[in-house]
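*Asks:* predicted model, plus sequence, below.
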Amino acid sequence: MTPLLQVNDIAKFYGSHVGCKGVSFDLFPGEVMGIVGESGSGKSTLLSCLAGHLEPDEGQVQFDTRADGLKDTIKMSEPERRMLGRTDWAFVHQHARDGLRMNISAGGNVGERLMAVGERHYGDIRAKAVDWLDRVEISEDRVDDRPTTFSGGMQQRLQIARNLVTGPRLVFMDEPTGGLDVSVQARLLDLLRNLVREMGLSAIIVTHDLAVVRLLADRLMVMKGGHVVEAGLTDQVLDDPQHAYTQLLVSSVLQV
Amino acid sequence: MSDYNFAYLDEQTKRMIRRAILKGLAIPGYQVPFASREMPMPYGWGTGGVQVSAATLTPDDTLKVIDQGADDTTNAVSIRKFFEVTAGVATTEDTTQASIIQTRHRIPEADLREDQILVYQVPIPEPLRFLEPRETETRKMHSLEEYGLMHVKLYEDISQHGAIATSYAYPVKVEGRYVMDPSPIPKFDNPKLEMAAIQLFGAGREQRIYALPPYTKVVSLDFEDYPFVATKADHVCDMCDASDSYLDEVILDDQGNRMFVCSDTDYCTGRQQAGHVGALGTTNAEDAA
């Protein structure tokens, strides 16, 4: 089976400071990979390198494109990479404001990706937008409201709808539940889990919240100081942590 | 003549602007940056159009200047005077006699010919500006032909107003490549953008020049189920009875009385001289007498 994403020895330096170094892994179709670690451990840098927002200094990121099979996304031309970003990839930002157009209605936000890939029928675009709002539990009568009038949780769900409308195969998520209160978090996680299973999505989720990866991720990578210190099946890593840092991380989760 | 260099600008500046114009003509719809000069008039009064006109004028040219279709508004009068003084060229109000027409926000009603040049004054040349504020990003979108965002604006129009409510500065796609802002002309004029004359667009403050060669294919953006419609006020001209021209609405008093007149004064006058009389035409003539 070909992996959907093959990451080979990725490194990114900020001057002499190490962003991330020596990261390699394969991601298979339908698999959800969690990346956890403390602030400054390089997990967001790694995600940006994978999603093409940052150019890594070393290594390859091979993506299984529909047309040509495995292809290095770092070496491919910018139009090609941006095309991937609109079709096969999706990026869910931590702050919904970064991923949404705040002065455009919810329907327009969802429709933008459709129009970007050439959809030119207003009725169809709108029907798809309404359908997707419904799937992320936003009622149809809010379709013409701007995201500024939405609550934080709704904005995040809208961002997810906007990203998934073109049927991507790989979703990058940067702390998708950060900044939301616990009950809203739970609902969002539930929604994400259903969507991921239903659509057979592959996802890479960066978070510092162990509960999120426990619920969503099949596999887990633990990062510290720009290096991967431990990797394995989620339950295995969380139940039987081997590395000292992972043990610390698991034991610092608050028990209610 | 006068102590001015011909058409105010120095020769090197005119060469620089001509180079930008030629590049613009070679890549229809592409915004060519140029080193816009300070002109003796404020930004927003047509500094870009004036510089383009100055670079295209020759002593044999006949210049016509219109503002919203009219020859007799402040902007048009002052620019016409400016070139009378600094270039000493002949000026006219007759569209057919002019070889260069500088315009603000209208295309003349009369069909232009191949030996004419139409110069537009452009306030904001970037059609994507209000959707994407970053210049670096809009340039990238133009170079990679990523124009989905332009349709988002039209989508928003339909979702809010039930129809494409954009009525001026309606975005067009040039030769299937660049999306272009046709300057704030009413969308009634959009079909006329495919014409025999050369069209040059100058934006002074934004320092951009772009152009449409004769007979360039210009398509107004739209949706399959909401096609582009060129609209005008549903009236005939009250002065000259024209039903095919773009009309201005003029409020007459506080009782709600109003009249519609052609915004193109030359066209309207020509029709009145040819004997066409609108609903309010004769009374006004008597008033004047």
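*Replies:* Received the coordinates, thanks.

*Asks:* CA only for contacts and neighbour counts going forward, please
*Replies:* Noted.

*Asks:* okay, now the unreliable bits of the stretch 151-256 of chain A?
*Replies:* Low-confidence segments of the stretch 151-256 of chain A, defined by pLDDT under 70: A:256.

*Asks:* pick out the residue of the stretch 51-200 of chain B closest to chain A.
*Replies:* Taking Cα to the nearest Cα, chain A has its nearest neighbour within the stretch 51-200 of chain B at residue B:148, 3.9 Å off.

*Asks:* run a quick neighbour tally on that residue.
*Replies:* Look at residue B:148: counted by other Cα atoms under 10 Å in any protein chain shown, it has 19 neighbours.

*Asks:* what do you get for residue B:251?
*Replies:* Counted with other Cα under 10 Å, the neighbours of residue B:251 add up to 12.

*Asks:* how about residue B:42?
*Replies:* A count of nearby residues for residue B:42, using other Cα under 10 Å, gives 11.

*Asks:* OK, contacts around it?
*Replies:* Residue B:42 makes no contacts at all, as judged by Cα atoms under 8 Å, 6 or more residues apart in numbering or on different chains.

*Asks:* can you tell me the SS state at it?
*Replies:* The three-state label given to residue B:42 by DSSP: H, G, I helix; E, B strand; the rest coil is coil.

*Asks:* from residue B:86, how far out is it?
*Replies:* From residue B:42 across to residue B:86, the span is 17 Å (Cα to Cα, to the nearest Å).

*Asks:* OK, contacts around the nearest residue to residue A:135 once chain neighbours are set aside?
*Replies:* In space, not counting the residues next to it along the chain, residue A:135 is nearest to residue A:161; the distance is 7.8 Å by Cα to Cα, 6 or more residues apart in numbering or on different chains. Counting by Cα under 8 Å, 6+ apart, residue A:161 makes contact with A:110, A:132, A:133, A:135, A:136.

*Asks:* isn't there a strand covering residue A:161?
*Replies:* No. Under three-state DSSP, residue A:161 falls outside any strand and is assigned helix.

*Asks:* ok, it to residue A:47 distance?
*Replies:* Distance of residue A:161 to residue A:47, given as Cα to Cα: 20 Å.

*Asks:* cool, residue A:191 as well?
*Replies:* Separation of residue A:191 from residue A:47 (Cα to Cα) stands at 22 Å.

*Asks:* more neighbours: which of the two?
*Replies:* Ranked by neighbour count (other Cα under 10 Å), residue A:191 and residue A:47 place residue A:47 first, with 20 against 16.

*Asks:* hmm, residue A:203 and that one touching each other?
*Replies:* No. Using Cα atoms under 8 Å, residue A:47 is not in contact with residue A:203; the gap is 11.2 Å.

*Asks:* tally up the residues packed near the residue in chain A positioned nearest to chain B, please.
*Replies:* In chain A, no residue comes nearer to chain B than residue A:116, which is 3.9 Å away by Cα to the nearest Cα. By other Cα under 10 Å, 20 other residues sit near residue A:116.

*Asks:* so where does residue A:46 fall, helix or strand?
*Replies:* Using DSSP states H and E, residue A:46 sits in helix A:43-50.

*Asks:* by contact count, what packs against the helix or strand just after that helix?
*Replies:* Counting by DSSP H and E, the element after helix A:43-50 in chain order, helix or strand, is strand A:58-65. With contacts taken as 3 or more Cα pairs under 8 Å, 6 or more residues apart in numbering or on different chains; DSSP states H and E, strand A:58-65 sits against strand A:5-14, strand A:69-72.

*Asks:* point out the most buried one among these.
*Replies:* The highest mean neighbour count among the helices and strands packed on strand A:58-65, using mean count of other Cα atoms under 10 Å in any protein chain shown, belongs to strand A:5-14: a mean of 18.

*Asks:* follow-up on the earlier one: hmm, the residue of chain A closest to chain B is touching residue B:146, no?
*Replies:* Yes. Proximity of residue A:116 to residue B:146 meets the contact threshold set by Cα under 8 Å, at 6.9 Å.

*Asks:* which neighbours do residue A:47 and residue A:203 share?
*Replies:* By Cα under 8 Å, 6+ apart, residue A:47 and residue A:203 have these common neighbours: residue A:172.

*Asks:* show me where chain A has its strands.
*Replies:* A:5-14, A:17-27, A:32-37, A:58-65, A:69-72, A:89-92, A:170-174, A:202-207, A:219-224, A:227-233 (DSSP state E).

*Asks:* up against chain B, what does chain A have?
*Replies:* Taking Cα under 8 Å from any Cα of the partner chain as the measure of proximity, chain A contacts chain B at A:79, A:104-105, A:108, A:111-113, A:115-118, A:120-123, A:144.

*Asks:* what subset of these is buried?
*Replies:* A:104, A:105, A:108, A:111, A:112, A:113, A:115, A:116, A:120, A:121, A:122 (16 or more other Cα atoms under 10 Å in any protein chain shown).

*Asks:* dump these into JSON lines; add pLDDT as well.
*Replies:* Below are these laid out as JSON lines (pLDDT from 0 to 100):
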{"residue": "A:104", "pLDDT": "92"}
{"residue": "A:105", "pLDDT": "94"}
{"residue": "A:108", "pLDDT": "94"}
{"residue": "A:111", "pLDDT": "95"}
{"residue": "A:112", "pLDDT": "93"}
{"residue": "A:113", "pLDDT": "93"}
{"residue": "A:115", "pLDDT": "94"}
{"residue": "A:116", "pLDDT": "91"}
{"residue": "A:120", "pLDDT": "94"}
{"residue": "A:121", "pLDDT": "95"}
{"residue": "A:122", "pLDDT": "96"}
